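Need the 3D shape of this:
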Amino acid sequence: MFGGGRRKREQESLSTVMQPENAPRSGGGGKSVTGFDPEGLERAAKAARDLDSSRNASSAIELIKTQEATKQHEAAAKRAEMDAYSQQLRSQNIEREGDEARKTLEAKTQHERHRIEYQDELERKRQVDMLNAQKYMQEEQLKKQEEMVARQEAMRRKT
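Prediction:
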């Protein structure tokens, strides 16, 4: 009433569609006690015998060998290409690391040069300050001596 009869037809058509085209035709299903179906293996053996008895068998084998050799050569070429690419990447990495090391060394050298220049500048300022301090002390000493001489002369004049 609600489409239940239609469902059986769909199941039947699905089951007929799902069957392999070259299914074995034996009555017992072709399965042994273990559940293994040997008919596929028997068909493959028959195909191999047919191929062996064919007059084109040797050329077919040669063609297969040639195809396999070609595949192996292509794989070897691909491996060589990948090895070359890997080597190229390694050399680029080494070059990049060398550039970075060079730049780092240049930066360190420049920093050290600036530090040395600054220390030199500070040392020069200290020396100038020290010389100025000595000059000031000498001038003060000279003033004291002059004052002392002036006092002595003044005392001599009084007496």
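
any idea of the mean pLDDT in stretch 101-113?
Per-residue pLDDT over stretch 101-113 has a mean of 97.

Quick check: which ranges of this structure have low pLDDT?
Counting by pLDDT under 70, the chain contains low-confidence residues at 1-33.

Longest helix of it, counting residues only.
Determined from DSSP state H, the single longest helix within the chain is helix 57-158.

for it, the distance to its chain's centre please.
Offset of helix 57-158 from its chain centre (Cα atoms, centre = their mean, to the nearest Å): 27 Å.

again with stretch 147-159
93 Å.

Please identify the buried residues of it?
Residues of stretch 147-159 classed as buried: none (neighbour count, 16 or more other Cβ atoms under 10 Å). For the C-beta atoms, the positions are set from N, CA and C on the backbone; glycine is no exception.

Can I get it in CSV, CA atoms only?
Below are the C-alpha coordinates for stretch 147-159, written out as CSV (Å, rounded to 0.1, in the frame of the first residue of the first chain):
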residue,chain,number,x,y,z
GLU,A,147,99.7,85.5,48.5
MET,A,148,102.4,84.1,50.8
VAL,A,149,105.1,86.1,49.1
ALA,A,150,102.8,89.2,49.2
ARG,A,151,102.2,88.7,52.9
GLN,A,152,105.9,88.2,53.6
GLU,A,153,106.7,91.4,51.7
ALA,A,154,103.9,93.2,53.6
MET,A,155,105.3,92.0,56.9
ARG,A,156,108.8,93.0,55.9
ARG,A,157,107.6,96.5,55.0
LYS,A,158,105.9,96.9,58.4
THR,A,159,109.1,96.1,60.2
